[in-house]
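Undergrad: Fold the following.
(2 chains)
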Amino acid sequence: MKNYQLTIKADDKQVVLERILQVTRYRGFLISGINAKVNTGTNVGTIELMVRSERSIELLVDQINKLIDIKEVKVDNSASQQSIA
Amino acid sequence: MTTEKKLTGGGLLFNVLEQHGVEHVFGYPGGAIMPIYDALYDSNVEHFLCRHEQGAAFSAVGYARASGKVGVCLATSGPGATNLITGLADALADSIPVVAITGQVATAAMGSDAFQEIDIFGLSLACTKHSFQVTDINDLAAVLHQAFAIALEGRQGPVLVDIPKDIQLAEVNGCLDHLVNLKNKVKLPPANVGSAIALLSQTKQPILYVGGGVGMANAIDELRAFAKTTGVPSVSTLKGLGTIDPTDENYLGMLGMHGTKAANLAVQECDLLIAVGARFDDRVTGKLNEFAPNAKVIHFDIDTAEINKRRVADAAILGDLKVNLPALAIPLSIIHWQEKCQMMKTDFSWDYNHPGESIFAPAVLKEISDNMPENTCVTTDVGQHQMWAAQHMLFDDPSNFLTSGGMGTMGFGVPAAVGAQVSRPTDCIIAVSGDGSFMMNVQELSTIKRFQLPVKIVLIDNAKLGMVRQWQDLFFNGRLSETDLADNPDFVMLANAFDIKAKSITKKSQVTAAIEEMLEHDGPYLLQIKIDAQDNVWPLVPPNTANDKMMEST
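TA: Numbering: from 1, shown residues only, chains lettered A, B, ... in the order given. A predicted model of the protein is given here:
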């Protein structure tokens, strides 16, 4: 089981957080933690998502990137680490 | 089309639909969508009343697949909306552009457990490409334009727009200047052309693995030119059937669980697999880590998320197939491999010999295929008849074979045929169904009757849920569980109740005349073909087994 930290930038649109969480669960990633805030000036939300899975993080990044309201998905390699399940 | 005067939200909806060239919609009215149905009265859009919202959704899917246009369906809130879900899931799995409009309770009542209120916006997340809920009338036009753009952009798919009743009634200017041009927002990495050319230069035994994405990308000509220039032997997925000319000497047929022996053996032996608009679906690959075990992979797709999802690509070619396929179409020296594949195709060709008088479904479907008019569109349901149709009928374009591939949805065939017939009124439309599937949306016979659609229904009837029965016999020690349908209704009488001419046949000697009568009939027709309940679909790759270990008989 590997831990990953994603930083996601998204338009502040309806249910964008639900969409991210639904894709994360469906694609086989467990959520360890989440922080979310919106810049009301730019209407861009920033979501920090801590997840863990046996699967490659690229599979999740590609799927989140497909969501219409997503602007950017980055994997924070310094915060991602391998752990014993 | 009104552009200046005040409109209701409902009126605006139809103006935007017309702006996007929508001529036909499929739906079912109800309380929370009544303002939209009222506005329908004044629009030029033709509405096809289906007899269940699931039928409306599948008709929209069939319409889209047969025509290449966006399919549109309407439903009311609550159960109307939830009844669309299976159709939307089907469209998502097969990447079909559909726009679904649902009525919602008024915004003031939302969240109060109002009558016929359901959170369809929330439910839509897992079964649409994208969805919207309109809470401000001033957003409605832009949302609708976005819905059409998203449905068609990149990898196509279904979009749902949920419109509360007060938004449908609210007044708005009839401004129509909000057409949206989306660009693919996922930045595609550059195509790995150099690596792909190197792989093509080295290959001795390549296979072209053709999926439904080629037709969706309108790149059939480019794909056929690639196959001709390279000479690479080809195989097709279920959804890709019709993309390659089925009479091409290098075409080996469908691969996968019920694929041809030649196709599966060639894929297992190949040293280079060129996947085009295909996604290494589990029904294609069998045991994944034994699929094409010695092959390098070139993967063409529009969807970044499909690259390396199930099989690592040695060269990923992301982007428009119409551009990328010609860039890699180089002649190859693979004559010995071509000859070997052609020999396998000959050695393992279908055998239509079938003892006894009972009707052999593969032979019937081949005979229909051989005799149906040019540009006939065939829809299927799901089960044994679906696989027999895929194996034994020939199609020259993927828009002429509409089948529920990814979702495998029973009940798809008849309403999809309704949509196909509406979109192509002068073409012959044949729904190949099974007795289990047929009963799942049998109410759509009423839609056929209402609009006098000349759909032909070929009902392969074994009084069983045949595919499940086959698996119970093969893999569950013959413990048959809830697969007997001996109490089916009299299908001829049932069709007649909808003013549909029908005939039932049970013997081989009746087949040719019955097919002729059906195809010559000027109107809807149901041909019930009773077959032996023990007939199985062969070959069959058992679950979690490599594709070269197919079963060919019990």
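Undergrad: Burial check on the closest residue in space to residue B:121 that isn't next to it in sequence, number of neighbours?
TA: Counting by C-beta to C-beta, 6 or more residues apart in numbering or on different chains, the nearest residue to residue B:121 once its immediate chain neighbours are dropped is residue B:133, at 4.3 Å. Any C-beta I mention is one placed from the backbone N, CA and C, and that applies to glycine too. A count of nearby residues for residue B:133, using other C-beta atoms under 10 Å in any protein chain shown, gives 23.
Undergrad: and what of residue B:272?
TA: 25.
Undergrad: Equivalent analysis for the one 3 residues further on, please.
TA: When counting by other C-beta under 10 Å, one arrives at 27 neighbours for residue B:275.
Undergrad: Wait, a strand at it?
TA: Yes - Residue B:275 forms part of a strand when assessed by DSSP: H, G, I helix; E, B strand; the rest coil.
Undergrad: For stretch A:74-82, buried residues please.
TA: Using 16 or more other C-beta atoms under 10 Å in any protein chain shown as the test for burial, stretch A:74-82 gives residue A:80.
Undergrad: Just the CA trace of it, in CSV.
TA: C-alpha atoms of stretch A:74-82 as CSV (Å, rounded to 0.1, in the frame of the first residue of the first chain):
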residue,chain,number,x,y,z
LYS,A,74,-0.1,17.4,-9.2
VAL,A,75,1.5,14.6,-7.2
ASP,A,76,3.6,15.9,-4.3
ASN,A,77,6.4,13.4,-4.4
SER,A,78,8.0,14.7,-1.2
ALA,A,79,4.8,13.9,0.7
SER,A,80,4.1,10.6,-1.0
GLN,A,81,5.7,7.6,0.6
GLN,A,82,5.5,3.8,0.7
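Undergrad: any idea of the mean pLDDT in that stretch?
TA: The average pLDDT for stretch A:74-82 rounds to 78.
Undergrad: The closest residue to chain A within chain B: what secondary structure?
TA: Of all residues in chain B, residue B:305 sits closest to chain A, with a separation of 3.8 Å (C-beta to the nearest C-beta). What three-state DSSP gives for residue B:305 is helix.
Undergrad: what about it, how many neighbours?
TA: 20.
Undergrad: What residues does the stretch 1-150 of chain B have near chain A?
TA: B:121, B:122, B:125, B:126, B:129, B:130, B:132, B:133, B:150 (C-beta under 8 Å from any C-beta of the partner chain).
Undergrad: Now tabulate those in JSON lines and tack on secondary structure and pLDDT.
TA: Output for the residues of the stretch 1-150 of chain B next to chain A, formatted as JSON lines (DSSP: H, G, I helix; E, B strand; the rest coil; pLDDT from 0 to 100):
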{"residue": "B:121", "secondary structure": "helix", "pLDDT": "98"}
{"residue": "B:122", "secondary structure": "helix", "pLDDT": "98"}
{"residue": "B:125", "secondary structure": "helix", "pLDDT": "98"}
{"residue": "B:126", "secondary structure": "helix", "pLDDT": "98"}
{"residue": "B:129", "secondary structure": "coil", "pLDDT": "98"}
{"residue": "B:130", "secondary structure": "strand", "pLDDT": "98"}
{"residue": "B:132", "secondary structure": "strand", "pLDDT": "98"}
{"residue": "B:133", "secondary structure": "strand", "pLDDT": "98"}
{"residue": "B:150", "secondary structure": "helix", "pLDDT": "97"}
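Undergrad: on that earlier part again, my guess is the residue of chain B closest to chain A meets residue A:67, correct?
TA: No - contact criterion C-beta atoms under 8 Å: residue B:305 and residue A:67 do not qualify, at 10.7 Å.
Undergrad: who's in contact with residue B:269?
TA: B:205, B:294 (C-beta atoms under 8 Å, 6 or more residues apart in numbering or on different chains).
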